[in-house]
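Q: Please find the sequence and the predicted model below.
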Amino acid sequence: MIRHCLAAALAAAALAANAADAPAEIPKPQCEPKPQAPGAQMREDDFAMKRFRSDVKRYQDCMKAYIADRQAVMKANEQAINAAVEDYNGAMKAINEGLKHAD
């Protein structure tokens, strides 16, 4: 029985070690420069407003792409976590069944 508890502890330690391999820093969005609202005089200039709207659209598209990428990573992480939990639960169930039958 002590061997089984030790095996479970080692398995948990291995899972924790794999979690430590995660990246330390999450990349920041690279959507620079951020658009700046034009001043009152520039708002009357059609060319300046067209460029401003274009800058806003570029920034929005870049940020939306960044968010979609981060969400995809989160979903992949969630799936990996769920798979690890299922694996762990299956192993613990097998261990407990083995202990029941050993007595």
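A: Happy to help now that I have it.

Q: just for the chain, where's the confidence low?
A: Scanning the chain for pLDDT under 70 picks out the ranges 1-23, 103.

Q: At which residues are the strands of it located?
A: Taking DSSP state E to define them, one finds no strands in the chain.

Q: tell me how far the lengthiest helix in it is from the chain's mean position?
A: Looking across the chain with DSSP state H, the single longest helix is helix 46-102. How far helix 46-102 lies from its chain's middle: 4 Å, per CA atoms, centre = their mean, to the nearest Å.

Q: Can you get me a residue count around Ile26?
A: Neighbour count for Ile26, taken as other CB atoms under 10 Å: 8. Quick note: C-beta positions are derived from backbone N, CA and C, even for glycine.

Q: Just give me the residue closest to the centre of the chain.
A: The residue lying closest to the centre of the chain (CA atoms, centre = their mean) is Met74, at 3.1 Å.
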